[in-house]
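# Next input, structure requested:
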Amino acid sequence: MTQIDIPEIVKVWKLGGDTGNVRSNNKYQNNAGYNLFCTTNNKYLTWKKVPIGINLDFISNAGEKKVHFRLPDGKEREIVSGELLALGIGGGEAFLRYARRDLGINLKWSASPIFEWKIYSGNGEVGKPISFGDPLALVNMKVEPSADFCIFFDRPPGMADVGWTTSPEFWNKVANVAIKTAIEAARKKIGL
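This next block holds a predicted model:
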């Protein structure tokens, strides 16, 4: 199996709400998915109306299990690290897709699954089932100019606190050449 060195700084997510391995779900029912925990702020990412940008926010309630995934092959099965998938949060217009916007993270909602996300388990081993509670990195393959990690990103109040590692503000806060080099190397390997 292929191994990708995923820097610790982007492994900020954990899936919860079940045991065993994460599975795709073609028939999401309200609150019958998973929760997506952010280790940076110790809260859960979910759909929530916000004044500016994409309707995403963090909450403290682990009981909200709205995150779900679909696979291009249409099967309901275990998801493996590094495979393409659609990321949904809630029902209706639930699927997140990359799209330019003037303010906030470049994401929009879609009613149809958009297969442009990948999840990488903490050890970076591609093709391995994803277990609940493991540290994870989320990648969107459509980010311009190239695939990028979705991370916690402290934005002004009223906006979703998520972003990409290529955001200039991220590097103003990190300002570490070794970390930047490691992230760029991982992004390049993932984008191949």
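# what's in contact with stretch 44-52?
Contacts with stretch 44-52, where a contact means Cβ atoms under 8 Å, 6 or more residues apart in numbering, come from 13, 35-38, 55-62, 64, 66-67, 89-90, 94, 103-104, 158-160, 162. C-beta coordinates here come from the backbone N, C-alpha and C atoms, glycine included.
# what residue ranges in this structure score low on pLDDT?
Scanning the chain with the threshold set as pLDDT under 70 gives 1, 192.
# What residues does G127 make contact with?
By Cβ under 8 Å, 6+ apart, G127 lies in contact with M1, T2, V80, S81, G82, E83.
# can I assume the third one is in contact with I130?
Yes. Contact status for V80 versus I130: in contact at 6.9 Å, counting by Cβ atoms under 8 Å.
# if we can go back for a sec, just the buried members of the contacts of stretch 44-52?
Buried subset of the contacts of stretch 44-52 (neighbour count, 16 or more other Cβ atoms under 10 Å): 13, 35-38, 55-58, 64, 66-67, 89-90, 94, 104, 159-160, 162.
# quick one: buried residues of stretch 16-25?
G17, N21, V22, R23, S24, N25.
# These: which two are farthest apart?
The distance between the two most remote of the buried residues of stretch 16-25 (Cβ to Cβ) is 14.7 Å, for G17 and S24.
# I'd like to know which of the buried residues of stretch 16-25 is nearest to F149.
V22 (18.2 Å).
# So the closest one is in contact with V80, correct?
No. V22 is beyond contact range of V80, at 9.3 Å (criterion: Cβ under 8 Å).
# between these two, what contacts are shared?
P129, I130.
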